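>>> when you get a sec, could you give me coordinates for this:
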Amino acid sequence: MDMIFWNLVLITAAAATILWFSSAIYAYMKIKLITSPKLPLGSLGIFPFIGESLHFISSAYSDRPESFTIKRRRMYGKVFKTHLFGNPTIVSTDAEVSKIILQSDARIFVPSYPKSLMELMGKSSILLINGSLQRRIHGLIGNFFKSSNLKSQITSEMEKYLLNSMGNWREDSPVYIQDEAKHIAFQVLVKALISLDPGNEMELLKNHFQEFIKGLMSLPFNFPGTQLYRSLHAKKKMVKIIDGIIQAKRDNNCSKKKISDEINNYDKNEGLSSNIGRDVADTLINDKSEEVTDELIAENMIDLMIPGEDSVPLLITLAIKYLSDSPASLNQLTEENLKLKKLKEKLGEPFSWNDYLSMPFTQNVITETLRMGNIITGVMRKAMKDVEIKGYLIPKGWCVFAYFRSVHLDDKLYDFPYQFNPWRWVKKLVIAISPHLVVVNACARGLTLPGSKLLFFFIISLLNSDGKLKMTPLLISPL
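Alright, predicted model coming up:
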């Protein structure tokens, strides 16, 4: 009986594998049969489903992630076709084409990401939902991040956590900046999202999150032993922790019927909605829409933690690396910060969120770090109908990848693009690339804490640390 059962299992598995492989080949051949003089040149790769994904991933983890697009750009032009993560894809390294893609509405392009990323994000992720619910969630979260109380909280906590960390630095012991930045940024961000303070629960959440984030760029194979499988299990554990926090908030009357009196402390002159709570979870819990479920809240809290573990620490690390390689930039940055420090001491005031606006060279350093670092390499969309842009055809159902990195490092737009030069922004006129750099920055801050502002407070705290920075050897962790 057991033998018959296992034979049936093997036959079923083999049949499913053959069916899947046949479907993949059929879809692959169907794509290859699309012919049009307006379809961009390129290659779909040799193997169905995989396409050129392995080359793309290996390039992404190299010291020159743009090598994948540079090679194809030289062969096929600024816009080319490829096959990534199971989807036929048009890649744009053209500033004008990318701008049109980003400005198009949902009737033409909708968000589309690799299958592994979509599985990890979940169907309720703000990256994947559309229409009125997406606008509602975006508005609630965006309004919360504009609140004056949150800005004050971030300012004080960034400085507190950094100074506490620096208290453990020793002159005879190197400090790995990326590790320190991850530790600090994650704590600041999680506090803003779910009001969780440092401790055992925070460490457990962080450990699960580190396993979760490894799967974002993995191949879409979900079975024991694969990275996607491990990452999905890590997410389930995180959801369980966050669900407990959400339920505790509801039990403490931070619900749709009643919100904490702390709301009254928010600056109403900013035109904020009356349902803003003391963190993002409170804000969503207090919303009256039945569509804002606990599942949606938990999944989006996890998604919004990504900058605290990935983009913000990377931005901080790269800024320090670039400054260490450019003594002139570091000297001018230090002078500007020390000038602000003396003014603040004279006025008896702490550093504030708006100090960022009064420091032009610091802003130039951050803008140049964003350009060279490319913490958001690009945006993926799916064509809802045949679309033609600048003579290029994007077929219905195909993905399109607006790749920012190649544009930001284009020597036709920037002199010596691989050279860190904050002065290039002093009198720079707005040219085709400038709106894209702004778009990338906006993507980074639209649903998360402004990474550039966190970098700003990290830098001024380092520079105003009474010589601690000069005494301690800082090392760049492997990126």
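>>> list the buried residues of the helix or strand hosting Met372.
Assessed by DSSP states H and E, Met372 sits inside helix 360-373. Judged by neighbour count using 16 or more other CB atoms under 10 Å, the buried positions of helix 360-373 are 361-373. In short, each C-beta sits where N, CA and C put it, glycine included.
>>> same deal with stretch 396-409?
Buried residues in stretch 396-409, counted by 16+ other CB under 10 Å: 398-409.
>>> now pLDDT, distance to Asp415 and secondary structure too, for those, in TSV please.
Formatted as TSV, the buried residues of stretch 396-409 follow (pLDDT from 0 to 100; distance: CB to CB, whole Å; DSSP: H, G, I helix; E, B strand; the rest coil):
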residue	pLDDT	distance to Asp415	secondary structure
Trp398	94	35	coil
Cys399	93	33	strand
Val400	94	30	strand
Phe401	93	27	strand
Ala402	92	24	strand
Tyr403	91	21	strand
Phe404	87	19	helix
Arg405	86	18	helix
Ser406	82	17	helix
Val407	82	15	helix
His408	85	13	helix
Leu409	85	12	coil
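>>> tell me if Gly51 really is in a strand.
No. With DSSP: H, G, I helix; E, B strand; the rest coil as the criterion, Gly51 is coil rather than part of a strand.
>>> from Gly45, how far off is it?
From Gly51 across to Gly45, the span is 4 Å (CB to CB, to the nearest Å).
>>> isn't Ala205 up against Met238?
If you look again at residue 205, you'll see it is Leu, not Ala. Yes. At 6.2 Å, Leu205 and Met238 qualify as touching, with contact defined as CB atoms under 8 Å.
>>> rewinding a little: nearest to Leu357 among the buried residues of stretch 396-409?
His408 (23.8 Å; CB to CB).
>>> any regions of the stretch 1-150 of the chain where pLDDT drops low?
For the stretch 1-150 of the chain, the stretches flagged by pLDDT under 70 are 1-36, 47-49.
>>> so which bits of stretch 234-241 are buried?
234-235, 237-239, 241.
>>> same question for stretch 318-333.
Those would be 318-323, 326, 329-330, 332-333, for stretch 318-333 by 16+ other CB under 10 Å.
>>> what helix or strand is Leu209 on?
For residue 209 the amino acid is Phe, not Leu. According to DSSP H and E, Phe209 maps onto helix 200-213.
>>> list the buried residues for that helix?
For helix 200-213, the neighbour count (16+ other CB under 10 Å) marks 202, 205-206, 208-209, 211-213 as buried.
>>> adding distance to Glu119 and pLDDT, write those out as a markdown table.
As requested, those are exported to a markdown table (distance: CB to CB, whole Å; pLDDT from 0 to 100):
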| residue | distance to Glu119 | pLDDT |
| --- | --- | --- |
| Met202 | 26 | 93 |
| Leu205 | 20 | 94 |
| Lys206 | 22 | 93 |
| His208 | 16 | 95 |
| Phe209 | 16 | 94 |
| Glu211 | 15 | 94 |
| Phe212 | 11 | 94 |
| Ile213 | 14 | 90 |
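>>> and those, which is closest to Leu150?
Of all the buried residues of helix 200-213, Leu150 sits closest to Met202, with 18.9 Å by CB to CB.
>>> next, the nearest residue to that closest one once chain neighbours are set aside: phi, psi?
Once flanking residues are discounted, Met202 sits nearest to Leu196: 5.5 Å by CB to CB, 6 or more residues apart in numbering. Dihedral angles phi and psi of Leu196 (degrees, to the nearest 10) take the values phi -90, psi 130.
>>> would you mind measuring from Leu196 to Tyr76?
Computed with CB to CB, the distance linking Leu196 and Tyr76 is 48 Å.
>>> tell me where the stretch 1-150 of the chain has strands.
Remark: strands assigned in the stretch 1-150 of the chain by DSSP state E, counting those that start in this stretch are 79-84, 87-92, 109-111.
>>> buried deepest among the ones you listed, which one?
Ranked by mean neighbour count under mean count of other CB atoms under 10 Å, the strands of the stretch 1-150 of the chain are led by strand 87-92, which reaches a mean of 25.
>>> which residues does that one contact?
For strand 87-92, contacts defined as CB atoms under 8 Å, 6 or more residues apart in numbering pick out 31, 40, 42, 44, 51, 69, 72, 78-83, 98, 101, 112, 114, 380, 392, 394-395, 397-403.
>>> just want the angle from it to strand 79-84.
150 degrees (axes from the mean of the first three to the mean of the last three CA atoms, to 10 degrees).
>>> what strands line up against strand 87-92, and which way round?
The pairing partners recorded for strand 87-92 under DSSP bridges are strand 79-84 (antiparallel), strand 399-403 (parallel).
>>> ok so, going back, I'd like the next helix or strand past the helix holding Met372.
Following helix 360-373 toward the C-terminus (DSSP H and E): strand 378-383.
>>> what is the mean pLDDT for the helix or strand just after that next one?
Counting by DSSP H and E, the next helix or strand C-terminal to strand 378-383 is strand 387-389. In this model, strand 387-389 has a mean pLDDT of 93.
>>> where exactly do the helices run in the stretch 51-200 of the chain?
With helices called from DSSP state H, counting those that start in this stretch, the stretch 51-200 of the chain shows them at 53-60, 67-76, 95-103, 115-121, 131-146, 148-166, 177-194, 200-213.
>>> winner for burial among those helices?
Per residue and on average, the most neighbours among the helices of the stretch 51-200 of the chain fall to helix 177-194, with a mean of 22 (mean count of other CB under 10 Å).
>>> mind giving me the packing neighbours of that one?
helix 148-166, helix 200-213, helix 280-285, helix 306-309, helix 311-324, helix 451-463 (3 or more CB pairs under 8 Å, 6 or more residues apart in numbering; DSSP states H and E).
>>> from the chain's centre, how far out does the fourth one sit?
This means helix 306-309. Centroid displacement of helix 306-309 relative to its chain, using CA atoms, centre = their mean, to the nearest Å, is 7 Å.
>>> can you say which of the strands of the stretch 1-150 of the chain is nearest to Pro307?
Closest to Pro307 of the strands of the stretch 1-150 of the chain is strand 109-111 (CB to CB; 17.7 Å).
>>> which neighbours does the closest one have in its sheet, and in what orientation?
Here, using DSSP bridges, strand 109-111 pairs with strand 378-383 (antiparallel).
>>> just the angle for the partner strand relative to helix 95-103, thanks.
Angle of strand 378-383 versus helix 95-103, following the same axes, to 10 degrees, is 70 degrees.
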